[in-house]
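Sharing a model prediction with you, sequence too.
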Amino acid sequence: MDPRDLADIKEFLEKTAGQIDGKIEEYIPRSYSEDSLAFKLNPPTYVPDLEAMNEAIAKPIWELLDRGGKRWRPALFLLVLEALGGDPEKWSDFAAIPEVVHDGTLIVDDIEDASELRRGKPCTHKIFGIDVALNVSDALFFLPMLVLIKNRNLIPLERANKIYEIFVQEMTSLSFGQAMDIAWHRGLVSHDVTEEQYLQMCLYKTGTLARMAAKIAAVLAGAEDEVVEEMGKFAESIGVSFQIQDDVLDIVGAEFAKGKGGLGGDITEGKRSLMVIHALRRADPFDKRRLISILDAHTTDGDLRQEAISILNKYGSVEYAKSVAERLKRETIDKVDKMIPPSKAKDRLIALANYLIERNI
């Protein structure tokens, strides 16, 4: 990746992150009051307990948000919108939707995976309790729709309906992806997971929020249905490539893995990553049995984690996963090149795709 493009996209992501946090705070305040937008849009009948809401919703949400994050999904939204001729200033509130939902998925993922750390700190459920964390996750799945409610008079009814339909479809996909992932690492299926099934899980679980961002942006830009769908496919490919790179970094990225408790966290979870699927397909009977045994043990033992990593390396599975991510990225860039006219936003979309696959953290 050209160093100038890398510097530009990093600067854009940093700038976008600050803007999006400001937008999120408009809809999810750090401290609820009687004047909060949620109460203006849906007035309470009696008297809400503001202290309770602050302790059990606002405080846990912002404790997680303030840890940072790449905020690449809102950036994707803004770039797709601009590249298709939309106004990023006018519709910037909508960029918060995929980011808020994403943070909701992180909280519930950590509970389901029995994780200890998120971004280098104890997970939300470890700090505030499982009951608070589950409720916060639910809230983060629905609070983003306040954006649509607030702005409904600015959007033609047909477009508003499309946005709502996209939201429902993608939220359903999230549940399907999570179900597949959980069933695999808990050993609930009797078959070997195939590469095609893994990629579909990624489309559901990681690709869906990128797809949501791109499709909502395309709708707001007034794009035709065909363009909306194609931009969704472009974005989901970025999401899948991003997930594959995450899986690779869990194995080889010491700096990346530091915030998750060390290399091989996915091995402790028993995760059937693309690397694992590839190794199980190519391994001799002994190595296959050994890798499955380590994964199914959900071990935190460093030596056993390293043994599993060695098996993955032995069969070239890490390099294979990288090659799949690179292929998906190239196909993604080709789609954008053919579909969107030249512009700074288009150049940044391509730079974003490159950055998400080539990053080391």
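Alright, I've got the coordinates.

Could you measure from E116 over to G68?
E116 sits at a distance of 19 Å from G68 (criterion: Cβ to Cβ, to the nearest Å). Any C-beta I mention is one placed from the backbone N, CA and C, and that applies to glycine too.

So which of these two has more stuff around it?
Each of E116 and G68 has its neighbours counted (other Cβ atoms under 10 Å); E116 has more, 15 against 11.

mind checking pLDDT for the more buried one?
Model confidence at E116, given as pLDDT, is 90.

which element is Q19 on?
Q19 belongs to helix 3-27 when assigned by DSSP states H and E.

Figure out how far that helix is from the centre of its chain.
Chain-centre distance of helix 3-27: 16 Å, with Cα atoms, centre = their mean, to the nearest Å.

Please renumber the chain so that the first residue is 7 from this point on.
In the new count, where the first residue is 7, that last one comes out as helix 9-33.

Toward the C-terminus, what is the element adjacent to it?
For helix 9-33, the following helix or strand on the C-terminal side (DSSP H and E) is helix 43-47.

lowest-confidence helix or strand of the protein?
When each helix and strand of the chain is scored by mean pLDDT, DSSP states H and E, helix 260-264 comes last, with a mean of 61.

chain center to the helix or strand just after that helix, what's the gap?
Scanning forward in sequence from helix 260-264 by DSSP H and E, the next helix or strand is helix 271-275. From the chain centre to the centre of helix 271-275 is a distance of 18 Å (Cα atoms, centre = their mean).

repeat for stretch 84-91
On the basis of Cα atoms, centre = their mean, stretch 84-91 is displaced by 20 Å from the centre of the chain it belongs to.

got the buried residues for that stretch?
Residues 84-90 are the ones in stretch 84-91 that count as buried (16 or more other Cβ atoms under 10 Å).

Same check on stretch 303-322?
Buried residues in stretch 303-322, counted by 16+ other Cβ under 10 Å: 305, 310-311, 313-315, 317-318, 321.

Quick check: of those, which lies closest to N366?
When the buried residues of stretch 303-322 are compared for distance to N366 (Cβ to Cβ), I315 wins out at 16.8 Å.

In contact with that closest one, which residues?
Contact partners of I315, counting by Cβ atoms under 8 Å, 6 or more residues apart in numbering, are 257, 269-270, 273.

From E232, how far off is it?
44 Å.

Now do the buried residues in the strand or helix carrying D353.
Taking DSSP H and E as the criterion, D353 maps to helix 350-364. Residues 351-363 are the ones in helix 350-364 that count as buried (16+ other Cβ under 10 Å).

can these go into JSON lines with extra columns for pLDDT and distance to K132?
Formatted as JSON lines, the buried residues of helix 350-364 follow (pLDDT from 0 to 100; distance: Cβ to Cβ, whole Å):
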{"residue": "A351", "pLDDT": "94", "distance to K132": "40"}
{"residue": "K352", "pLDDT": "94", "distance to K132": "42"}
{"residue": "D353", "pLDDT": "93", "distance to K132": "42"}
{"residue": "R354", "pLDDT": "94", "distance to K132": "37"}
{"residue": "L355", "pLDDT": "93", "distance to K132": "37"}
{"residue": "I356", "pLDDT": "92", "distance to K132": "39"}
{"residue": "A357", "pLDDT": "93", "distance to K132": "36"}
{"residue": "L358", "pLDDT": "93", "distance to K132": "32"}
{"residue": "A359", "pLDDT": "91", "distance to K132": "34"}
{"residue": "N360", "pLDDT": "91", "distance to K132": "35"}
{"residue": "Y361", "pLDDT": "92", "distance to K132": "31"}
{"residue": "L362", "pLDDT": "90", "distance to K132": "28"}
{"residue": "I363", "pLDDT": "87", "distance to K132": "31"}
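
Could the C-alpha coordinates of stretch 175-195 be exported in PDB?
The C-alpha trace of stretch 175-195 is given here as PDB (Å, rounded to 0.1, in the frame of the first residue of the first chain):
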ATOM      1  CA  GLN A 175     -32.500  -8.000   7.200                       C
ATOM      2  CA  GLU A 176     -29.000  -7.400   8.500                       C
ATOM      3  CA  MET A 177     -29.900  -7.800  12.100                       C
ATOM      4  CA  THR A 178     -31.400 -11.100  11.300                       C
ATOM      5  CA  SER A 179     -28.200 -12.100   9.500                       C
ATOM      6  CA  LEU A 180     -26.200 -11.200  12.600                       C
ATOM      7  CA  SER A 181     -28.100 -13.800  14.600                       C
ATOM      8  CA  PHE A 182     -27.600 -16.500  11.900                       C
ATOM      9  CA  GLY A 183     -23.900 -15.800  11.800                       C
ATOM     10  CA  GLN A 184     -23.600 -15.900  15.500                       C
ATOM     11  CA  ALA A 185     -25.500 -19.200  15.700                       C
ATOM     12  CA  MET A 186     -23.200 -20.800  13.200                       C
ATOM     13  CA  ASP A 187     -20.100 -19.600  15.100                       C
ATOM     14  CA  ILE A 188     -21.400 -20.700  18.500                       C
ATOM     15  CA  ALA A 189     -22.500 -24.100  17.200                       C
ATOM     16  CA  TRP A 190     -19.100 -24.800  15.700                       C
ATOM     17  CA  HIS A 191     -16.900 -23.900  18.600                       C
ATOM     18  CA  ARG A 192     -19.200 -25.700  21.100                       C
ATOM     19  CA  GLY A 193     -19.200 -28.800  19.000                       C
ATOM     20  CA  LEU A 194     -22.900 -28.900  18.300                       C
ATOM     21  CA  VAL A 195     -22.600 -30.100  14.700                       C
END
